[in-house]
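Student: based on what follows, work out the 3D shape:
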Amino acid sequence: RRRHEPVLRADALRLSQRGGLVIMLRQPAQRLISAFLDNFHAWGLTRHSNRTYMKQVAPTVDLWARFPGVAHCMTKMLSG
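Tutor: The predicted structure is shown next:
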């Protein structure tokens with residue numbers, strides 16, 4: 001699975017001049033719901049994070065959005 005990696009400024013300029021740079025953003029709430037339903041994934045949480053524990057203490061999207069490490073996920077993805 002490919003990780004989100006920020007585009008460096010020099011690369012962004014080169015790619016945009018060639019017409020090869022695209023960014024797709026979603027509403028943060030929609031991203032959180034999707035991540036919650038897809039096994040609690042979030043930028044900054046490791047592949048080995050204890051998802052069983054997360055599911056016990058944050059059984060709803062609202063609680064999971066407040067789980068340590070989940071907040072500001074889109075900002076973390078964009079800034080690397």
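
Student: C-alpha coordinates for the lowest-mean-pLDDT helix or strand in the chain, CSV please?
Tutor: The helix or strand of the chain with the poorest confidence is helix 73-79; it has a mean of 72 (mean pLDDT, DSSP states H and E). Extracted C-alpha coordinates of helix 73-79, given in CSV (Å, rounded to 0.1, in the frame of the first residue of the first chain):
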residue,chain,number,x,y,z
CYS,A,73,-4.9,13.9,9.9
MET,A,74,-5.3,15.8,6.7
THR,A,75,-2.9,18.4,7.8
LYS,A,76,-0.3,15.7,8.7
MET,A,77,-0.8,14.0,5.3
LEU,A,78,-0.2,17.3,3.4
SER,A,79,2.8,18.4,5.4
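
Student: tell me, how many residues neighbour the spatially closest residue to residue 28 that is not a sequence neighbour?
Tutor: Leaving aside its sequence neighbours, residue 28 sits nearest to residue 74 (CB to CB, 6 or more residues apart in numbering; 5.8 Å). From N, CA and C alone the C-beta is placed, and that goes for glycine too. Number of residues near residue 74 (other CB atoms under 10 Å) recorded here: 15.

Student: ok, residue 74 - contacts?
Tutor: 25, 28, 31, 43 (CB atoms under 8 Å, 6 or more residues apart in numbering).
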